[in-house]
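Asks: I would like to see how this sequence folds:
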Amino acid sequence: MKSVILYDSIGGNTEKVAQRIYDTLKGATHEVHFIKFTSKIDVDFFEYDLIFLGSPVINWLPTKRMMDYVKKKLQFYNDQGKIIPSSPLLSGKYGICFCTYAGTHIGENEALPMTMWLRSFLEHLGYSVLDQWHMVGQFHNETDMNTQGRLGNILGRPNDKDLLDVENRVKGVVGALAGLMAGENS
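Replies: Numbering: from 1, shown residues only. Predicted structure coming up:
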């Protein structure tokens, strides 16, 4: 299985999550690419069987540069005829959308639009999106936002417990997909 973790990170929270995903996948899949988003990347999403796509939540959405890139790729694939009406699922193509968020005002609901936005992109490509992961991450340089929000004290998050949760989720996905693929091959 060929996998990619494509992520954007501003303060390092999302990078911590992406790194744990990568570290967990390294020994579990055949080929893993770890790509921090820059304006110079060019990823062919269809090359991958398993895509982890992540960003910090900025005003309920991914970072602007990630949104611009995703829109550009969607248009590119559409021009190539790869975006098909009804978006039929492609066999053996899976995705996970993940984010880090602070949720100081309305909690996890601040993160839902972001992962749904990324999910919609992957589904337009025909990927089966297995899950959306919302991980708490601290604000950088804004102490009040870290201690007085709806989620309580989020200083230091994502912490070791959060990252262990990510690791266990990745192991669960890899195990489920291995079982699914074994069933398809029998």
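
Asks: where along the chain do the helices fall?
Replies: Using DSSP state H, the helices of the chain run over 13-26, 64-79, 112-125, 143-147, 160-185.

Asks: for the residue lying closest to His134 once chain neighbours are set aside, give me its contacts.
Replies: What sits nearest to His134 in space, not counting adjacent residues and going by Cβ to Cβ, 6 or more residues apart in numbering, is Ala111, at 4.2 Å. Bear in mind the C-beta positions are built from the backbone N, C-alpha and C, glycine included. Counting by Cβ atoms under 8 Å, 6 or more residues apart in numbering, Ala111 touches Val57, Trp60, Cys99, Tyr101, Gly103, His134.

Asks: separation between the fourth one and Glu123?
Replies: Think Tyr101. To Glu123, Tyr101 is 21 Å away according to Cβ to Cβ, to the nearest Å.

Asks: quick one, which of the two is more surrounded?
Replies: Using other Cβ atoms under 10 Å as the criterion, Tyr101 and Glu123 rank with Tyr101 on top: 26 against 14.

Asks: ok, the more buried one touching His134?
Replies: Yes: the criterion here is Cβ atoms under 8 Å, and Tyr101 meets it with His134 at 6.1 Å.

Asks: how about the contacts made by Lys93?
Replies: Phe46, Tyr48, Asp49, Leu125, Gly126, Tyr127, Ser128.

Asks: then Gly11?
Replies: Gly11 sits next to Pro56, Gly137, Gln138, Phe139, His140 when contact means Cβ under 8 Å, 6+ apart.
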